[in-house]
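Asker: task: produce atomic coordinates for the following.
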Amino acid sequence: MSQLPECVEVGPADAQHSVIWLHGLGADGHDFEPLVPELGLADRSVRFIFPHAPVQPVTLNGGMAMRAWYDIHSPRIQEDEDAAGIRTSQAMIEALILQQHQRGVDSRRIILAGFSQGGAIALHTGLRHAESLGGILALSTYLPLVADFEQERQYANQAVPIFMAHGSDDPVVPLSLAETSCQILQQAGYHVTWKRYPMQHQVCLAEISDIAAWLRQQLNNEAESSPS
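Answerer: Below is the predicted model:
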């Protein structure tokens with residue numbers, strides 16, 4: 001089994017639901033930790049897991065070592081993709097999902113979330129996971145390894161709810177790339193909630209409000225469909 005990444009954890013030890021939230025390039029697990037109170041889910045038994053990506057050289061940034069879920073070789077981020085790095089991070093997130101199982105959280109009560117690189121890993125891993133998940137939250141990101149997607153996607157998550165959000169002026173992950181990723185998923189039969197906001201590569205207050213509403217909806221659905 002892949003080694004578990006170090007994580008920041010927020011929420012009760014006996015939580016009924018888990019949100020595994022992956023940060024973007026160069027950040028760490030603390031990046032989205034302050035967002036938890038803003039989501040207004042204190043009345044729900046939710047554990048937030050914020051893993052730290054490993055430190056590794058990033059080619060696009062002159063080989064500088066930083067926290068990254070995979071290497072980036074080109075400014076056109078979907079070209080010359082680091083497939084090995086993406087799959088290594090996939091294995092780490094699979095190990096985190098298994099850990100949540102072992103702590104008593106059913107897979108249908110686990111939501112994968114991520115921003116930028118973290119969102120790419122959330123999409124990549126969630127759609128290939130062999131058991132049904134509670135949802136995938138993909139912010140300012142895209143679907144990686146598209147050429148392998150049809151062969152590798154798992155039927156268990158054909159119906160998984162997906163929330164994708166993007167800034168209209170994002171200079172890092174082009175809006176067109178995110179829109180194309182959303183279209184690929186919709187054409188493959190996935191239910192994708194798509195949101196666009198007047199912002200760059202970031203999150204905004206309107207987006208946080210929409211994320212909170214979507215998360216609450218999925219948690220309610222999980223509570224109805226999962227064993228107690």
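Asker: need the pLDDT of residue 131.
Answerer: Note for residue 131: predicted pLDDT of 97.
Asker: touching, it and residue 107? I think so.
Answerer: Yes - using Cβ atoms under 8 Å, residue 131 is in contact with residue 107, at 4.1 Å. (Glycine included, C-beta is placed from N, CA and C.)
Asker: what about the two, which has more around it?
Answerer: residue 107 (20 against 13; other Cβ atoms under 10 Å).
Asker: ok, that one touching residue 130?
Answerer: No - contact status for residue 107 versus residue 130: not in contact, 9.0 Å apart, counting by Cβ under 8 Å.
Asker: verify the stated contact: residue 105 with residue 15.
Answerer: Yes - applying Cβ under 8 Å, one finds residue 105 in contact with residue 15, separated by 6.8 Å.
Asker: need the overlap of contacts for these two.
Answerer: Contact criterion Cβ atoms under 8 Å, 6 or more residues apart in numbering; residues shared by residue 105 and residue 15: residue 47.
Asker: so how far is residue 71 from the spatially most distant residue from the centre of the chain?
Answerer: Of all residues in the chain, residue 62 has its C-alpha farthest from the mean position, at 26.1 Å, by Cα atoms, centre = their mean. Distance of residue 62 to residue 71, computed by Cβ to Cβ, to the nearest Å: 12 Å.
Asker: which pLDDT value belongs to residue 67?
Answerer: 98.
Asker: low pLDDT regions in the protein?
Answerer: 1-2, 222-228 (pLDDT under 70).
Asker: ok, now with 80
Answerer: 1-2, 221-228 (pLDDT under 80).
Asker: hmm, residue 60 is touching residue 73, no?
Answerer: Yes - using Cβ under 8 Å as the test, residue 60 is close enough to residue 73 to be in contact (6.7 Å).
Asker: still on that earlier bit, backbone torsions only: list them for the residue farthest from the centre of the chain.
Answerer: Backbone dihedrals for residue 62, given as degrees, to the nearest 10, come out at phi 70, psi 20.
Asker: so which residues of the chain form strands?
Answerer: Listed in chain order, the strands of the chain (DSSP state E) span 7-10, 17-22, 46-51, 55-58, 64-67, 110-115, 135-139, 162-167, 192-197.
Asker: residue 79: which of these is closest?
Answerer: strand 55-58 (15.3 Å; Cβ to Cβ).
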